[in-house]
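J.: following is a predicted model, sequence given first.
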Amino acid sequence: MSHEHPASIEVEGLVKQFKKGPRAVDGIDLRVEPGEIYGFLGPNGAGKSTTVLMLTTLLPPDKGAARVAGFDVGREGARVRENIGAALQEAALDPFLTGREHMRLQTALHGLPKAERRKRGDSLIERVGLSDAADRRVGGYSGGMKRRLDLALALVHGPRVLFLDEPTTGLDIQSRTALWEEVGRLARDEGVTVFLTTQYLEEADALANRVGIIDHGRLVAEGTPGALKAEIGDPSVEAVPADPKRRDDVARVLQQFGAGECPHAIDESIAVRLKGGDSSLADVVRALDREGIEVAHLQLHAPSLDDVFLAKTGRTLEGSGEGEEDDAVLEEPRQPTASGAAAA
Amino acid sequence: MSSPVFTQVAELGRRSIMRTLRQPAQVVPTITFPLFLLAINAGGLDATTNLPGFPTNSYLTFALAVPFIQSGIFAVNNGGADLARDIETGFLDRLALTPMSGVALVAGQLAGVIALGFINAIVYLLVGLAAGASLAAGLSGAFVLLALATLITFAFGCIGVYAAFKFGNGEAVQGLFPVLFVFLFLSSMALPRPLIEQDWFRTIATYNPVSYLIEGIRSLFIDGFDAEALALAFGSALVIAGIFLALAVTNLRTRLVRT
């Protein structure tokens, strides 16, 4: 790799294999520029969390190299940690402490001068909208509040790179949107680089400047959401006949407009990718009308990241991780390697 | 930026103490359960003092040493389970991403159980004296007693911390609780070792370090300052603490992996 300016995250051939099972991460290369939001998208067990643990120095890689904020994760772990913040999977909080007490602990451990700790903690608490709940124990917080506190804790020392591992999993839409806004603001206004793992397509689509799609430990696609979707090309049309008995007729009509593929059924609807793009929709309507088929619902779908995932892996993203184990790292204790991992 | 180790220990210790004291399920049983057992034993076994060679005519005074050890056994559970929860929930990873030292983590983690052990020791002593037990070593002996009780709690707390790092889950730590109670029952808890009739029991009690912990505390109540008993008690507690602290630090290397 040769680039004019240093990347925030630079990864070459990163590999992690656990004792039992296949390679959790199997030779990943990626580069994230300063101030960029990089969405790392994939189903459960794809290797997202394992990658994050390696990049945050919490798991030594077996092979490959990675530099974060300009420092080698294998040899300069302490320098990496000084420059990163992380909110890992599940908000790791102490239910018996208040939000403000969490801030006090985190600011002290990060070595902020005593006079600044309270001020910094209070400002971050206010920023994530938890001022009213700051003196309540975290055990009584909602999932969204916990995630917001988690984010605030990750920002205590002003990190240049922020790792967010599935930050909105299990959150309602309102909490999710609030977190997206804050993450977007961090990158936009403060130039923080954000490495965000997610299994939500809309999250990657809404937030990320670029997306990397990981499956079975390998990066199968990378690019801006727009570019990835453009690779897929044609939009699809979905029709629901008013009379369910006429589904076969709808399928026959739609097949004439399909991009070489058979229409597929999704619940009550029939869908096909349009070979003529958006402009074919009017032709579809006329053809259905000619056949005397009344439709209850007709919708044009632009290509989504799920279509990208389908095209790259042959499976849809949603549900493709079901039944698979989470990243193996969560299942077995982490072992230091001979290459220099050490306890504190 | 990195904070001095003493700041880290102080903040982690503060957290440990607050967390402990905010869990009534950790605090209340450690006070009530040993005192309840003491009341039953003192009431039901008082006739034991009639045995020839029994060192005191008050079984309450004799048995008052036992709650201090039971408090230590609770420390295994409380300290270990809290740390195991930190491992399970990922809180340890959060700490690992700060410049925190491993020493600060272990020391801070033990602050809560030590604080609770100290409070418990004061309560046992005051309740025991109020109920009619005597403290032969007097006021200065009370301070030695509190120091020894706190050291014993620290030693047992180290077992809990080791177990948490080793197994990484709360259930495994809690599994130690009955095992340690077996050690307590196979000690000189109920009778002085010379009066234990069964040879096998007496032999086990002699090799069981818990006997020396109990006898050290008991000596303060019954004999005053018995240098040998106190040396054996302090020594046993230090050996237990040393062994399990070393094991805890070794296992910390696996749990707190950072490049």
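T.: Sure, I can see it. Numbering: from 1, shown residues only, chains lettered A, B, ... in the order given.

J.: so which bits of chain B are right by chain A?
T.: Taking CB under 8 Å from any CB of the partner chain, the part of chain B that reaches chain A is made up of B:1-3, B:7-8, B:11-12, B:14-15, B:18-19, B:22-23, B:86, B:89-91, B:93-103, B:105, B:168, B:249, B:252-259. Where you see a C-beta, it was placed from the backbone N, CA and C, and this is true even at glycine.

J.: report the buried members of these.
T.: Listed as buried from these are B:3, B:8, B:11-12, B:14-15, B:18-19, B:22-23, B:86, B:89-91, B:93-102, B:105, B:168, B:249, B:252-253, B:255-259; burial here means 16 or more other CB atoms under 10 Å in any protein chain shown.

J.: let's see which of these end up in helices.
T.: B:8, B:11-12, B:14-15, B:18-19, B:86, B:89, B:91, B:93-96, B:102, B:105, B:249, B:252-253, B:255 (DSSP state H).

J.: measure the nearest residue to A:Val68 once chain neighbours are set aside to A:Gly158 for me?
T.: Counting by CB to CB, 6 or more residues apart in numbering or on different chains, A:Val80 is the residue found nearest to A:Val68 once chain neighbours are left out, at 4.9 Å. Noted for A:Val80: a distance of 15 Å to A:Gly158, by CB to CB, to the nearest Å.

J.: who does the longest helix seen in chain A touch, helix- and strand-wise?
T.: Looking across chain A with DSSP H, the single longest helix is helix A:173-190. Applying 3 or more CB pairs under 8 Å, 6 or more residues apart in numbering or on different chains; DSSP states H and E, we find helix A:173-190 packed against strand A:37-41, helix A:143-154, strand A:161-165, strand A:193-198, helix A:201-207.

J.: nearest to B:Leu125, out of the ones you listed?
T.: Taking CB to CB, helix A:143-154 is the member of the helices and strands packed on helix A:173-190 nearest to B:Leu125, at 41.0 Å.

J.: buried residues in that closest one?
T.: A:144-154.

J.: which one of these sits closest to A:Gly13?
T.: A:Ala154 (27.7 Å).

J.: doesn't A:Ala86 make contact with the closest one?
T.: Yes: counting by CB atoms under 8 Å, A:Ala154 touches A:Ala86, with 5.7 Å between them.

J.: find residues that contact each of the two.
T.: A:162-164 (CB atoms under 8 Å, 6 or more residues apart in numbering or on different chains).

J.: any idea which of those residues has the most stuff around it?
T.: A:Leu164 (28 neighbours; other CB atoms under 10 Å in any protein chain shown).

J.: in contact with that one, which residues?
T.: Neighbour list for A:Leu164: A:86-87, A:151, A:154, A:183, A:194-197 [criterion: CB under 8 Å, 6+ apart].

J.: any chance of CSV for these, columns pLDDT?
T.: Below are the contacts of A:Leu164 laid out as CSV (pLDDT from 0 to 100):
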residue, pLDDT
A:Ala86, 92
A:Ala87, 89
A:Leu151, 90
A:Ala154, 92
A:Val183, 89
A:Val194, 95
A:Phe195, 95
A:Leu196, 93
A:Thr197, 91
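
J.: show me where the stretch 1-150 of chain B has strands.
T.: Along the stretch 1-150 of chain B, no segments are classed as strands by DSSP state E, counting those that start in this stretch.

J.: okay, now the unreliable bits of it?
T.: By pLDDT under 70, the weakly predicted segments of the stretch 1-150 of chain B are B:1-2.

J.: cool, the stretch 151-300 of chain A as well?
T.: When residues are selected by pLDDT under 70, those of the stretch 151-300 of chain A lie in A:259-262, A:264.

J.: spell out which parts of it neighbour chain B.
T.: Residues of the stretch 151-300 of chain A found near chain B (CB under 8 Å from any CB) are A:153, A:157.

J.: quick check, the residue in the stretch 151-300 of chain A closest to chain B?
T.: A:His157 (6.6 Å; CB to the nearest CB).

J.: my guess is that residue contacts A:Gly85, does it?
T.: Yes: counting by CB under 8 Å, A:His157 touches A:Gly85, with 7.1 Å between them.

J.: the two: which has the busier surroundings?
T.: Ranked by neighbour count (other CB under 10 Å), A:His157 and A:Gly85 place A:Gly85 first, with 25 against 22.

J.: wait, a strand at the more buried one?
T.: Yes: using DSSP: H, G, I helix; E, B strand; the rest coil, the assignment for A:Gly85 is a strand.

J.: for it, list each beta-bridge partner.
T.: Under DSSP bridges, the beta-bridge partners of A:Gly85 are A:Leu162.

J.: wouldn't it be in contact with A:Asp150 here?
T.: No: counting by CB under 8 Å, A:Gly85 sits too far from A:Asp150 to count as a contact (10.0 Å).

J.: about what we covered before: and the nearest residue to the residue of the stretch 151-300 of chain A closest to chain B once chain neighbours are set aside, backbone torsions?
T.: Leaving aside its chain neighbours, A:His157 sits nearest to A:His110 (4.2 Å; criterion: CB to CB, 6+ apart). A:His110 adopts backbone torsions of phi -80, psi 0, taken as degrees, to the nearest 10.

J.: number of residues surrounding A:His110?
T.: Neighbours of A:His110 under the rule other CB under 10 Å: 24.

J.: for the one 3 residues further on, same thing?
T.: As a burial measure, A:Pro113 scores 10 neighbours (other CB under 10 Å).

J.: repeat for the one 4 residues further on
T.: When neighbours are counted by other CB under 10 Å, A:Arg117 registers 20.

J.: ok so, going back, can the shared contacts of A:Ala154 and A:Ala86 go into CSV with extra columns for distance to A:Ala230?
T.: Listed next are the shared contacts of A:Ala154 and A:Ala86 as CSV, based on distance: CB to CB, whole Å:
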residue, distance to A:Ala230
A:Leu162, 28
A:Phe163, 28
A:Leu164, 26
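
J.: now do the strands in chain A.
T.: A:9-17, A:23-32, A:37-41, A:63-68, A:71-72, A:84-87, A:161-165, A:193-198, A:210-215, A:218-223, A:236-241, A:264-266, A:269-273, A:295-301 (DSSP state E).

J.: the residue lying closest to B:Leu247 once chain neighbours are set aside is in what secondary structure piece?
T.: Nearest non-adjacent residue to B:Leu247, counting by CB to CB, 6+ apart: B:Tyr162, 4.5 Å away. Assigned by DSSP states H and E, B:Tyr162 falls within helix B:138-167.
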